[in-house]
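J.: Got a sequence here, can you build the structure:
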Amino acid sequence: MDNARSAFLDDLLATPSPSGFETAAQRVWTDYVREFADRVDTDAYGNAVAVHEGDPDAPAIAVTGHADEIGFIVRDVLDDGFLRIGRIGGSDRTVSKGQHVTVHADEPVQGVVGQTAIHLRDEADDEYEDVEAQFVDIGAEDADDARDHVEVGDPVTFSTGRRDLVGDRIAARGVDNRAGAWAAAEGLRRAAAADVDATVYAVSTVQEEVGLQGARMVGVDLDEVDAFVAVDVTHATDNPDVDRERRGPVELGAGPVIGRGSANHPVLVDLARDAADEAGVEVQLQAAGIRTGTDADAFYTARGGVPALNVSIPNRYMHTPVEVIDTGDLDAVADLLAAIGAAAGDLDAAESPFAVDV
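T.: A predicted model of the protein is given here:
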């Protein structure tokens, strides 16, 4: 990954974007894609769409990632100045206590999620409290002092940032799914540089973590799109605490993961695999027997049946402050998206190119 692309990824990862509060991250994304897109639009809730205009006789394909991350929200200010919090998305109660957090008020406020010292606990009774039973300490003396800095409804995120690990591995908060939003933007840039015949849309959606809500909006709004490719992270199974026998093999550094089954349209799956072969991109396969758990699940039913595909980035420790990915996989996903755009450009939009032959 070159310096410009790495800087874009850094900017996305450094910009907090809990579900419902994605505006700042979407500005980072739209500023980047404006350099090469023919058009950039946003909607009322902040979904962002960039377009490479291709041949009108070729299909239109959208490559997408979601901009939002999990987090917390201030739900009460207690008399003694501590803050009660609630979840934004699937925040993990087992990793929140004892962490540094930032309350995103009018001005950022630093705090910590309180954890009683080990000396003062009966370890036999240790258990993980629900998020709603946990509290944030911002150092306030009382409720009035706290309310001078924060108010109910302010979002909260962990304060961790990107850290470079050995080789091409990085760890960060919110890799799920700023990595996918990065890939969608980069896939568009590479497709535009190759001047593919397909019209390619890159989309950064909002509020995936709270029910795929942005994808539901975009899936209806982009009624000219013939197929959607949703990029998200998936669970790597190459670390010691994951039962590979239950989930199937997915490894960091082994390339993008193409989903099969459920929302994953078989013709689009074949096109993606062929495009990967043509581009020399090594891919992995993953079974989705019921659902993908990604924006693809919203896209494919948005207008009565729109071909969709889930392409994933292997990720360790999902929904923690220390998610780990291999940037080589991330680069390969962008190459795959551009190759899918090129392959789609060879098809004729008038001939229902993704129709299943039954």
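
J.: From residue 98, how far out is residue 66?
T.: To residue 98, residue 66 is 28 Å away according to Cβ to Cβ, to the nearest Å. Just so you know, the C-beta spots here come from the backbone N, C-alpha and C atoms, and that holds for glycine as well.

J.: ok, those two, which is more surrounded?
T.: residue 66 (31 against 11; other Cβ atoms under 10 Å).

J.: and that one, what is it in contact with?
T.: 177, 180-181, 204-209, 214-215, 232, 295 (Cβ atoms under 8 Å, 6 or more residues apart in numbering).

J.: Ramachandran angles for it?
T.: Phi and psi for residue 66, reported as degrees, to the nearest 10, are phi -100, psi 140.

J.: Which residue lies closest in space to it, excluding its sequence neighbours?
T.: Once flanking residues are discounted, residue 66 sits nearest to residue 208: 3.5 Å by Cβ to Cβ, 6 or more residues apart in numbering.

J.: who are the neighbours in contact with the one you found?
T.: Counted by Cβ under 8 Å, 6+ apart, residue 208 has contacts 19, 66, 68, 177, 214, 215, 232, 294, 295.

J.: can you pull out the helices in the protein?
T.: For the chain, applying DSSP state H gives helices covering 3-14, 23-33, 93-96, 143-147, 175-193, 213-221, 244-247, 266-279, 296-299, 327-345.

J.: and residue 356, which of those is closest to it?
T.: helix 266-279 (6.3 Å; Cβ to Cβ).

J.: still on that earlier bit, next one: the residue nearest to residue 66 from residue 119, what distance?
T.: From residue 208 to residue 119 the distance is 41 Å (Cβ to Cβ).

J.: repeat for residue 214
T.: Distance from residue 214 to residue 119, by Cβ to Cβ: 46 Å.

J.: So which of these two has more stuff around it?
T.: Taking other Cβ under 10 Å, residue 214 and residue 119 do not tie; residue 214 has more neighbours (28 against 5).

J.: for the more buried one, what are its contacts?
T.: Counting by Cβ under 8 Å, 6+ apart, residue 214 touches 45, 46, 47, 66, 68, 205, 206, 207, 208, 295.

J.: The first one touches residue 207, doesn't it?
T.: Yes - using Cβ atoms under 8 Å, residue 45 is in contact with residue 207, at 7.2 Å.

J.: Find the residues that touch each one of those two.
T.: Common neighbours of residue 45 and residue 207, using Cβ under 8 Å, 6+ apart, are 213, 214.

J.: between the two, which one's more packed in?
T.: Legend: neighbour count by other Cβ under 10 Å for residue 45 and residue 207, higher for residue 207 (25 against 15).

J.: Quickly list what residue 228 is bridged to.
T.: Beta bridges link residue 228 to residue 62, residue 308, judged by DSSP bridges.

J.: wait, isn't it in contact with residue 299?
T.: Yes - between residue 228 and residue 299 there is a contact under Cβ under 8 Å: 4.0 Å.

J.: Need the overlap of contacts for those two.
T.: Listed as contacting both residue 228 and residue 299 by Cβ under 8 Å, 6+ apart are 62, 64, 219, 306, 308.

J.: show me where the stretch 1-150 of the chain has strands.
T.: Using DSSP state E, counting those that start in this stretch, the strands assigned to the stretch 1-150 of the chain run over residues 39-42, 48-52, 60-66, 71-77, 83-88, 100-104, 108-113, 135-137.

J.: got a list of what the nearest residue to residue 12 once chain neighbours are set aside touches?
T.: Nearest residue to residue 12, sequence neighbours excluded (Cβ to Cβ, 6+ apart): residue 178, at 4.1 Å. By Cβ under 8 Å, 6+ apart, the residues touching residue 178 are 9, 12, 13, 17, 25, 65, 67, 69.

J.: Select from these the one having the most neighbours.
T.: Going by other Cβ under 10 Å, residue 65 tops those with 33 neighbours.

J.: Tell me, how many residues neighbour residue 151?
T.: Counted with other Cβ under 10 Å, residue 151 comes out at 13.

J.: need the contact list for residue 307.
T.: 226, 227, 228, 265, 267, 268, 300, 354.

J.: would a markdown table of those with distance to residue 238 be doable?
T.: Compiled in a markdown table, the contacts of residue 307 are given as follows (distance: Cβ to Cβ, whole Å):
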| residue | distance to residue 238 |
| --- | --- |
| 226 | 35 |
| 227 | 31 |
| 228 | 29 |
| 265 | 28 |
| 267 | 31 |
| 268 | 27 |
| 300 | 29 |
| 354 | 33 |
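
J.: now these in a markdown table, with pLDDT, distance to residue 106 and neighbour count?
T.: As requested, the contacts of residue 307 are exported to a markdown table (pLDDT from 0 to 100; distance: Cβ to Cβ, whole Å; neighbours: other Cβ atoms under 10 Å):
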| residue | pLDDT | distance to residue 106 | neighbour count |
| --- | --- | --- | --- |
| 226 | 96 | 44 | 20 |
| 227 | 97 | 42 | 25 |
| 228 | 98 | 37 | 29 |
| 265 | 97 | 45 | 22 |
| 267 | 96 | 50 | 16 |
| 268 | 97 | 45 | 24 |
| 300 | 96 | 40 | 26 |
| 354 | 87 | 47 | 20 |
